[in-house]
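# attaching a predicted model along with its sequence, questions to come.
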There are 2 protein chains.
Amino acid sequence: MSLVVQKYGGSSLGDAESIKRVAHRIVETKKAGNDVCVVVSAMGDSTDELLDLAEQVSPVPPPREMDMLLTAGERISMALVAMAIADLGHSVRSFTGSQAGVITDTSHGKAKIIDVTPGRITEALGKKHIVIVAGFQGVSQGTKEITTLGRGGSDTTAVALASALEADVCEIYTDVDGIFTADPRIVAKAHKIDRISHDEMLEMAASGAKILHLRCVEYARRSEMPIHVRSSFTPKEGTWVLPPETEGNQDMEEPIIAGVAHDASEAKITVVGVPDEPGRAAQIFTTVADAQVNIDMIVQNVSESETARTDISFTLPMADGQVAVEALMKTKDEVGFESIQYDDQIGKLSLIGAGMRTNPGVSATFFKALAESGINIEMISTSEIRISVVTRADQLDDALQALHTAFGLDSDDGEAVVYAGTGR
Amino acid sequence: MSLVVQKYGGSSLGDAESIKRVAHRIVETKKAGNDVCVVVSAMGDSTDELLDLAEQVSPVPPPREMDMLLTAGERISMALVAMAIADLGHSVRSFTGSQAGVITDTSHGKAKIIDVTPGRITEALGKKHIVIVAGFQGVSQGTKEITTLGRGGSDTTAVALASALEADVCEIYTDVDGIFTADPRIVAKAHKIDRISHDEMLEMAASGAKILHLRCVEYARRSEMPIHVRSSFTPKEGTWVLPPETEGNQDMEEPIIAGVAHDASEAKITVVGVPDEPGRAAQIFTTVADAQVNIDMIVQNVSESETARTDISFTLPMADGQVAVEALMKTKDEVGFESIQYDDQIGKLSLIGAGMRTNPGVSATFFKALAESGINIEMISTSEIRISVVTRADQLDDALQALHTAFGLDSDDGEAVVYAGTGR
């Protein structure tokens, strides 16, 4: 008998009918002989409706009260899912994040899970109840305030609970069939990935793949928890995200390249004419960090010997652009740069695959494919299992298509094509 | 400085505008130099919406999950009220029933408060925060399950918290100006009562006056907590519900009669032809009690000597009629009665006033007034401070009007008219 943790998102819980469908799915898993613990998000648009209400009473609501408000959303969906399961004749108990032992820090709206003490869940599972847990929420250590986890919070709850309960798998249900080699809305021949390592998934998520949030993958990677990303609309297998040393994973004929991710949500800031002296770059990045802005790629140009000045470019979430520019402008005299350029017409493109570590020629194929398609590259960054470039935003789709084809990822039948050889 | 507990019902919290209005009202109380703890119900129709959702997923939802679901309603309203107060520049903290220390038994849907341990509330008030508490909910002792208190739950929460915090007053805000001498929708000359004792209010509530729930008055009476029932739409004083020995209350020129209450929600069951033997009535009322039905008035006719049989009539909530009749029919042979008559075309009328204890002639005036208006009386029951009768439903309004006039309660200017003498 296995212990299965499942997570259903808001799009799978839009109305009473969807909730009943999810309940059937959960009961099937139970009837197959598993213990089942289910994490749910708030129903469909309900979080947006609560945000609307909040905005009507206060333009800047206290974060503590915002968390009180928003946690009502999962409370409603978890109770309804539990009722639907009970209606199918199975015993069931729902628990809030606090009751489930999801212990967080005190950062309202973006709390981090610092411990999971699932005593009540273990007890309920021991009594053979199906367990439903509210995702996205927890309770702060010591102060016992209700917190929310912010973006990706429900997926992270599921993985954290699965880890604490030592579950056999964490199933993340979504409205697509799994993780694809590229966004199928852009690349028609993209296909579902059957297996991918935590490392690769981490790079995919960090590079703009939307299905799993970075944070949830980080948690799963740390605890080596297998994730099964699959559709709540079909019984088909989805994508397994597995530790590299998983039984049966090492021998498999692994493709060198897992997929191509893209991200159109970033902008580029160029600080022009920075004096080429030690400490200037540090000043710039400290300023940006102090403004709570995360930066992604960085390029520093070669200094012009005549002026002893250089340009520093970096990318950041478009939503943080204004804050970062304002923060930097305040330091103009102190740092001594000439001007700031802001550009939100960029796109980021990333090729991900653990196989590229040991396969020469990947970079050559990468840049050749882009060059032949007339794509201009503005910035480059690499890790052991990823190459990312920044292009013009309007060339992003073409670039994605070109790379997908060049690395043999195109598929007509929905099955993975192995790029070359047997991988590592 | 005083500690004021306020309670706002769902009709005062219908939308964002109403919530802002309530927030202003709360802040005014704080600015007047009081510590303020506020109990809120769920917004307007939100509880009905949640019940609708529940019905869509399950015809008979588990009570535990129903409580999980419904408690989301107050959670939403308390967070929004807190946000609106913060927006006015005041520090505020909201707490769920569980966080506020409202400890109940384990009866989901109709839990009873068995203890209040308001440590977090006291601490927050000590820090000069305005405190908002979700009404209608608590947490069960030992098992730590979320419970709801059932009808009148938010008023009861307010009185229970006020008692535990040793507040100076518990203000119950509603959409009317206070407690009236009769329902002003029926008796045009009904007027607001300025002061009424807990005992009288208890009889009023038990006799059908809708403004305060019986349960909340019982709690206030036990803890001698003054209640001020008032409108959330005007700053006018409402009705004070006070212990009899309240300073200044004994000397006041108290009317003999507090008011006339009516109740059109009861039905009458007559068990016909009950053998006139010891134990038969006990069998009947045990059967009804086992069906969880509360009965109100009881009349046993004089036995017919020929047949040695009698009829027993009692009133009960109309909603429980079917259950009671079915339960009784199952005992027909065992008890040996002949038949059951069910009548839901009745109305109950009650005259309440502590003054009638010591004033002779109240009963005479009562029955004379009804007789002169051609009202037929079917059942009578009395307490020291109340006379109740059952009439035909279609005579209820006329009877109410007749009594209101006969006891000098009619008013043209909205001020109380003292019936006779100085009362006790």
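That came in fine, so what should we check first?
# what parts of chain A come near chain B?
Within chain A, the positions adjacent to chain B are A:15-16, A:19-20, A:23, A:50, A:53-54, A:56-62, A:64-66, A:68-69, A:71-73, A:75-76, A:78-80, A:82-84, A:86-87, A:92-94, A:96, A:99, A:144 by Cβ under 8 Å from any Cβ of the partner chain. Where C-beta positions appear, they are placed from N, C-alpha and C, glycine not excepted.
# just the ones of these in strands?
A:92-94 (DSSP state E).
# out of the residues you listed, which one sits closest to chain B?
For these, the residue nearest chain B by Cβ to the nearest Cβ is residue A:94; the value is 5.4 Å.
# got the contact list for the closest one?
Shown in contact with residue A:94 (Cβ atoms under 8 Å, 6 or more residues apart in numbering or on different chains): A:78-79, A:81-82, A:131-134, B:65, B:68.
# for those residues, pick the one with the most neighbours.
residue A:82 (34 neighbours; other Cβ atoms under 10 Å in any protein chain shown).
# enumerate every residue touching that residue.
Counting by Cβ under 8 Å, 6+ apart, residue A:82 has contacts A:92-94, A:132, B:62, B:65, B:68.
# between those, which is nearest residue A:397?
Residue A:397 lies nearest to residue A:132 out of those, by Cβ to Cβ, at 40.4 Å.
# remind me what the helix or strand hosting that closest one packs against, helices and strands.
In this structure, residue A:132 sits in strand A:130-134 according to DSSP states H and E. Here strand A:130-134 touches helix A:16-31, strand A:35-40, helix A:63-87, strand A:92-95, helix A:119-126, going by 3 or more Cβ pairs under 8 Å, 6 or more residues apart in numbering or on different chains; DSSP states H and E.
# skip the chain neighbours and tell me the closest residue to the residue positioned nearest the centre of chain A.
What sits nearest the mean C-alpha location of chain A, by Cα atoms, centre = their mean, is residue A:213, with 1.6 Å. Spatial nearest neighbour of residue A:213, excluding adjacent residues (Cβ to Cβ, 6 or more residues apart in numbering or on different chains): residue A:152 at 2.5 Å.
# how close does the one you found sit to residue A:219?
10 Å (Cβ to Cβ, to the nearest Å).
# higher neighbour count, the two?
Taking other Cβ under 10 Å, residue A:152 and residue A:219 do not tie; residue A:219 has more neighbours (24 against 19).
# let's verify the more buried one: helix, strand, or coil?
Three-state call for residue A:219 (DSSP: H, G, I helix; E, B strand; the rest coil): helix.
# re the thing from before, wait, the residue nearest to residue A:213 touches residue A:217, no?
No - contact criterion Cβ atoms under 8 Å: residue A:152 and residue A:217 do not qualify, at 9.0 Å.
# can you pull the phi and psi angles for residue A:407?
Backbone torsions for residue A:407, taken as degrees, to the nearest 10, come to phi -100, psi 20.
# in this structure it contacts residue A:363, no?
No - using Cβ under 8 Å, residue A:407 is not in contact with residue A:363; the gap is 11.9 Å.
# which one's more surrounded, those two?
Applying other Cβ under 10 Å to residue A:407 and residue A:363 shows that residue A:407 carries more neighbours, namely 26 against 13.
# residues touching that one, list them.
Neighbours of residue A:407 in contact, by Cβ under 8 Å, 6+ apart: A:256-257, A:260, A:351, A:365, A:369, A:419.
# from the residues you listed, which shows the smallest pLDDT?
Lowest pLDDT within the contacts of residue A:407 is found at residue A:419 (34).
# now the strands for the stretch 301-424 of chain A?
A:309-317, A:339-343, A:346-352, A:379-383, A:386-392 (DSSP state E, counting those that start in this stretch).
# just checking, what packs against the fourth one?
In terms of contacts (3+ Cβ pairs under 8 Å, 6+ apart), strand A:379-383 is packed against strand A:298-300, strand A:386-392.
# the second one too?
Counting contacts by 3+ Cβ pairs under 8 Å, 6+ apart, the secondary-structure elements packed against strand A:339-343 are strand A:266-275, helix A:321-329.
# what number of residues lie near residue A:233?
Neighbours of residue A:233 (other Cβ under 10 Å): 15.
# thought it was touching residue A:175?
Yes - using Cβ under 8 Å, residue A:233 is in contact with residue A:175, at 7.0 Å.
# how about the contacts made by residue A:339?
Under the criterion of Cβ under 8 Å, 6+ apart, the contact list for residue A:339 reads A:272-273.
# what is it paired to in the beta sheet?
Beta-bridge partners recorded for residue A:339 (DSSP bridges): residue A:272.
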